[in-house]
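Novice: Structure, please.
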Amino acid sequence: MFKCKYSSRCGGCDGAKRTIETELKEKTQYIKDLFSNYDCQIPDCRGEYYPLKYRNKIHLAFGELKGKTIIGFFEEGSSKITDVDDCLLYDKWASVLISILREYISRFKIRPYNKMGYGIIRYAHARCISNKIQLTLVVSTDNFPGRDWLYHKLTEKFSEVSLYLNINRRTDHAVFDKTFKFVKGNKFLNFEMCGVKVSLSPSSFLQVNLSVAEKMYKSAMQMLDINQDTTVVDLYSGIGITSVMFSKSAKQVISIEEVVSAVDNAKFMAKLNDRNNIVHFCGKCEKEIGKLKIDGDAVVFVDPARAGLEKSVIDAIIKFNPRKIVYMSCNPETCVRDIDVITNGSMYKVSEISAWNMFPYTKHIETLVCLQRQV
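Specialist: Next up, the predicted model:
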């Protein structure tokens, strides 16, 4: 439980009025009820003792109100912007960034983009890890001043800076369009997690809570029970953090991802970590897994988007016949739906379920489910 002067409007921390102990109990019970059809002991939801200031990514919107530029978060279910100076879910880097952006747009008279199509700056998207920041300004044009000033201002406060533009002239509310332009600094945001050297580009996916994510990934490793004779098929592998992590214990890892830029990023990270036992496939999971011919021990790790798995992917996984399937999910409802399909009439049985408080003070929760093939 904590007090935030913006919470009544912002809606980003809808669970702020309850204690973290209450939140963990409620989320634990939610997962137990949701997976009640499975004869499996579910431990208490796992989280951090001090769950504030955990977010490493911020998405800021720009607008105008009575002639004044405002910077902040969209109100829950609305296009209105709550003007903010800080947020308790972020460490001090977020308030420093907001202050710099306010000074920048004032000094160089950068007008916010509006629904009539006028103005320049739409959003600011940033990640900060270990005082290293990657900032992407989402703009309607690259014809505006002050980028050198902004970069040097950022270097005064952050140890490393990566500055990008994303040119977005779309008429919908999408944050990014396809065109990214590198401005200055480091091309990648570089850090380590789970013993993996990570290099992020602006469009890369990364969990916002690294402390919980690291624990969750390590738990997934234990569930998979990888050894030197195991081939791991990593579905929806993104930029390849889990692929590199698995490769250190496995015979080989087959990484399957549909997004071309993510596959390119994953190949770069494999070289960065000196891993030569990862094979990268770019394409839809159900098509690529159907091409695989693997002799010996094999397991599958899946980490899909909120919509969960398509039936064709489930059918392909079952046909592939791995020893274990570990399902990581950011949406427990689609997860249990998919688990029901996997276990219905197949040789797979749920052996372990765990809940993870990746997003404290919100309604969201992550799950790990382990399915084991019955001999």
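
Novice: Give the residue spans of this structure that score low on pLDDT.
Specialist: Within the chain, the set of residues satisfying pLDDT under 70 comprises 1-17, 49-50.

Novice: which stretches of it form helices?
Specialist: Per DSSP state H, the chain carries helices over the ranges 7-10, 20-34, 92-107, 147-155, 210-224, 241-247, 260-272, 285-289, 311-320, 332-343.

Novice: wait, isn't L189 in contact with R127?
Specialist: Yes: because the distance of 5.8 Å satisfies CB atoms under 8 Å, L189 is recorded as touching R127. C-beta: built from backbone N, CA, C; applies to glycine.

Novice: shared neighbours of the two, anything?
Specialist: Taking CB atoms under 8 Å, 6 or more residues apart in numbering as the contact criterion, the residues that touch both L189 and R127 are 133-134, 200.

Novice: Including neighbour count and distance to D33, could these go into CSV?
Specialist: Written out in CSV, the entries for these read as follows (neighbours: other CB atoms under 10 Å; distance: CB to CB, whole Å):
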residue, neighbour count, distance to D33
I133, 25, 41
Q134, 26, 39
L200, 21, 36
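
Novice: what does stretch 95-110 contact?
Specialist: Everything outside stretch 95-110 that qualifies as a contact, by CB under 8 Å, 6+ apart, is 58, 60, 62, 69, 71, 84-87, 112, 120-121, 124, 126, 128, 133, 135, 144-146, 149-150, 153-154, 157.

Novice: and that stretch, how far out from the chain's middle?
Specialist: 27 Å (CA atoms, centre = their mean, to the nearest Å).

Novice: same question, stretch 205-222
Specialist: Here stretch 205-222 shows a centroid-to-chain-centroid distance of 10 Å under the convention CA atoms, centre = their mean.

Novice: Show me what counts as buried in that stretch.
Specialist: Neighbour counts over stretch 205-222 (16 or more other CB atoms under 10 Å) mark 206-217, 219-221 as buried.

Novice: Pull the most distant pair out of those residues.
Specialist: Put simply, by CB to CB the two of the buried residues of stretch 205-222 set farthest apart are V208 and M221, 20.9 Å from each other.

Novice: Show the end-to-end separation of stretch 138-146, please.
Specialist: Start-to-end span of stretch 138-146 (CA to CA, to the nearest Å) is 15 Å.

Novice: what comes into contact with that stretch?
Specialist: With CB under 8 Å, 6+ apart as the contact definition, stretch 138-146 has outside contacts at 104, 107-108, 110, 113, 117, 119-125, 165-169, 175-176, 181.

Novice: Try it again at 10 Å.
Specialist: Contacts with stretch 138-146, where a contact means CB atoms under 10 Å, 6 or more residues apart in numbering, come from 59-62, 104-105, 107-111, 113, 117-125, 137, 153, 164-170, 174-177, 179-181, 183, 202.

Novice: Show the buried residues in these.
Specialist: Taking 16+ other CB under 10 Å as the criterion, what is buried in the contacts of stretch 138-146 is 60-62, 104-105, 110, 113, 119-125, 137, 153, 164-168, 176, 180, 183, 202.
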